[in-house]
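Visitor: heads up, no residue letters with this:
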């Protein structure tokens, strides 16, 4: 149980275009999902927290108008990179939070590699 | 900011035990120690977590010192597929805050 999927697994787009990445919790409902970004040879950095039915909360330094997050259902959150630039090329990883008897656990998707040319 | 300190890299011979240390000297009483690993170009994978007692599962063992200021993740018989970056994270299990990743330890298992 607790499987999180992402689509696409990799994408190449041209500079100036927009790209949408989907994150789905396949066998549980997630009221909260998190989006991380990882540059080569670096650790995961939290971008934003996505709550179902409400606006996302962005970390300091992350442009909310550039990285649009929509959490329209309990199993789906999307991240749209608008007007992509080469510096947005990165590995984007989502994580879904699931409630447990003792609290909450986070489960991670396989990641989406974005290359902007 | 991450509240843990880990060595940047370690090597381990295939078939031997890999012991990965983590310092978390400022850990609070209600914070758990979690371990995740990330194999190249994949999402993080949960390994194990504990509060104060030692824990063991099918993947690894977690040894937490009595003062809880440090811990060691043990992979009893490392294989080449265990080559990954291992992250030690402290967090409150009931909290709403997301996992914060430090730099982790890059473990290379050598044949």
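Guide: That came through fine. Predicted, not measured: the structure shown is a model, and the values here were computed from it.

Visitor: CA only for contacts and neighbour counts going forward, please
Guide: OK.

Visitor: hmm, stretch A:100-117 in reach of chain B?
Guide: Yes - using CA under 8 Å from any CA of the partner chain, stretch A:100-117 reaches chain B at A:102, A:103, A:104, A:105, A:106, A:107, A:108, A:109, A:110, A:111.

Visitor: likewise stretch A:12-28?
Guide: No - shown here: stretch A:12-28 not in contact with chain B (CA under 8 Å from any CA), separated by at least 12.4 Å.

Visitor: mind listing what's buried along that stretch?
Guide: Of the residues in stretch A:12-28, A:13, A:15, A:18, A:19, A:21, A:22, A:23, A:24, A:25, A:28 count as buried by neighbour count, 16 or more other CA atoms under 10 Å in any protein chain shown.

Visitor: returning to that earlier point: TSV for the residues of stretch A:100-117 next to chain B, including secondary structure?
Guide: Output for those, formatted as TSV (DSSP: H, G, I helix; E, B strand; the rest coil):
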residue	secondary structure
A:102	coil
A:103	coil
A:104	strand
A:105	strand
A:106	strand
A:107	strand
A:108	strand
A:109	coil
A:110	coil
A:111	coil
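
Visitor: neighbours of residue A:42, how many?
Guide: The tally of other residues near residue A:42 (other CA atoms under 10 Å in any protein chain shown) stands at 11.

Visitor: was I right about it contacting residue B:101?
Guide: No - counting by CA atoms under 8 Å, residue A:42 sits too far from residue B:101 to count as a contact (10.2 Å).

Visitor: what residues are shared contacts of the two?
Guide: Shared contacts of residue A:42 and residue B:101 (CA atoms under 8 Å, 6 or more residues apart in numbering or on different chains): none.

Visitor: show me what from chain A comes close to chain B.
Guide: Going by CA under 8 Å from any CA, the residues of chain A near chain B are A:34, A:42-46, A:91, A:93, A:102-111.

Visitor: out of those, which are buried?
Guide: Of the residues of chain A next to chain B, these count as buried by 16+ other CA under 10 Å: A:34, A:43-46, A:91, A:93, A:104-111.

Visitor: of these, the lowest pLDDT goes to which?
Guide: Lowest in pLDDT among these is residue A:104, which has 81.

Visitor: and that residue, how far is that from residue B:3?
Guide: 19 Å (CA to CA, to the nearest Å).

Visitor: likewise residue B:34?
Guide: Residue B:34 is 12 Å from residue B:3, by CA to CA.

Visitor: between these two, which is the more surrounded one?
Guide: residue B:34 (20 against 16).

Visitor: give me the beta-bridge partners of that one?
Guide: Listed by DSSP bridges, the beta-bridge partners for residue B:34 are residue B:49, residue B:89.

Visitor: so who does it touch?
Guide: The neighbourhood of residue B:34, defined by CA under 8 Å, 6+ apart, consists of B:47, B:48, B:49, B:50, B:88, B:89, B:90, B:91.

Visitor: and for the third one, the neighbour number?
Guide: Close neighbours of residue B:49, defined as other CA under 10 Å, add up to 22.

Visitor: coming back round to it: now do the shared contacts for residue B:34 and residue B:3.
Guide: B:89, B:90.

Visitor: who touches residue B:65 in this structure?
Guide: Counted by CA under 8 Å, 6+ apart, residue B:65 has contacts B:52, B:71.
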